[in-house]
Structure formats: structure tokens, C-alpha cells
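Colleague: After the sequence you'll find the predicted model.
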Amino acid sequence: MVLLLVDQADEKQLIVIFTESSKAPAELKVRDAGPVPLKFKRIKTGNKMILSGEHWWKLRSTNAMGDGYRITIERITNDEYKIVEVRKP
């Protein structure tokens with residue numbers, strides 16, 4: 001399981017901190033309730049990742065979240081994860 005910490009959540013985008021000890025991947029595919037995986041993209045270097053546009057709107061429609069929330073994801077294939085839990089701080 002991997003923990004994503006919500007750093008910033010506003011109308012346009014979601015920025016999370018990838019908490020694994022290794023550097024965040026260039027892209028992280030995460031499945032929510034919908035059939036299409038959401039694509040988080042790494043911001044330059046380090047462990048911050050961004051979800052914006054249509055994918056952020058889809059996630060917001062099924063999960064209420066804001067700054068400080070914790071998103072737990074688990075690996076389901078080599079390059080894909082699913083959301084297990086979204087918790088308030």
C-alpha cells in the first residue's frame with residue numbers, strides 16, 4: 001500500500017506527496033470507481049504529483065477531499081493502483 005498526502009486541493013488541480021522512500025514515478029495510474037484510470041504526473045523532480053483537468057473532476061465527483069487528506073492506494077498491476085481509502089486529517 002502507498003500513502004498519498006494531499007498537499008493542495010483546489011478547483012483546478014490536486015497536488016499530492018508520494019510517500020514511498022523512492023522517487024515518485026513519472027506517471028501514476030490510479031483507479032477509482034470509474035472504468036478509466038486517473039493519471040497523476042510527477043512535478044519536475046521529487047515526490048510531488050499532480051492530477052488536473054478531467055481526471056481531477058472525476059475524482060472530486062466521487063470523493064470529497066481537501067488539503068491534509070490521506071489517500072491510500074494499493075497496487076493491482078505492475079503499473080496501476082486502486083484507491084482503497086480517503087481519510088480526513
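Modeller: Nice, I can see it.
Colleague: Output the contacting helices and strands for the helix or strand of the chain with the lowest mean pLDDT.
Modeller: Across the helices and strands of the chain, the lowest-confidence element by mean pLDDT, DSSP states H and E is helix 53-62, at a mean of 86. Judged by 3 or more Cβ pairs under 8 Å, 6 or more residues apart in numbering; DSSP states H and E, the packing partners of helix 53-62 are strand 13-18, strand 38-42. C-betas here are computed from N, CA, C, even on glycine.
Colleague: Buried ones in it, by neighbour count?
Modeller: 55, 56, 58, 59 (16 or more other Cβ atoms under 10 Å).
Colleague: try stretch 8-23
Modeller: Buried, per 16+ other Cβ under 10 Å, within stretch 8-23: 9, 14, 15, 16, 18.
Colleague: Report the secondary structure state of the residue lying closest to residue 63 once chain neighbours are set aside.
Modeller: Leaving aside its sequence neighbours, residue 63 sits nearest to residue 86 (Cβ to Cβ, 6 or more residues apart in numbering; 4.8 Å). Per DSSP: H, G, I helix; E, B strand; the rest coil, the local secondary structure of residue 86 is strand.
Colleague: contacting residues around residue 86?
Modeller: Applying Cβ atoms under 8 Å, 6 or more residues apart in numbering, one finds that residue 86 lies in contact with 63, 64, 65, 69, 70, 71, 72.
Colleague: ok, now how distant is the fourth one from residue 23?
Modeller: To residue 23, residue 69 is 23 Å away according to Cβ to Cβ, to the nearest Å.
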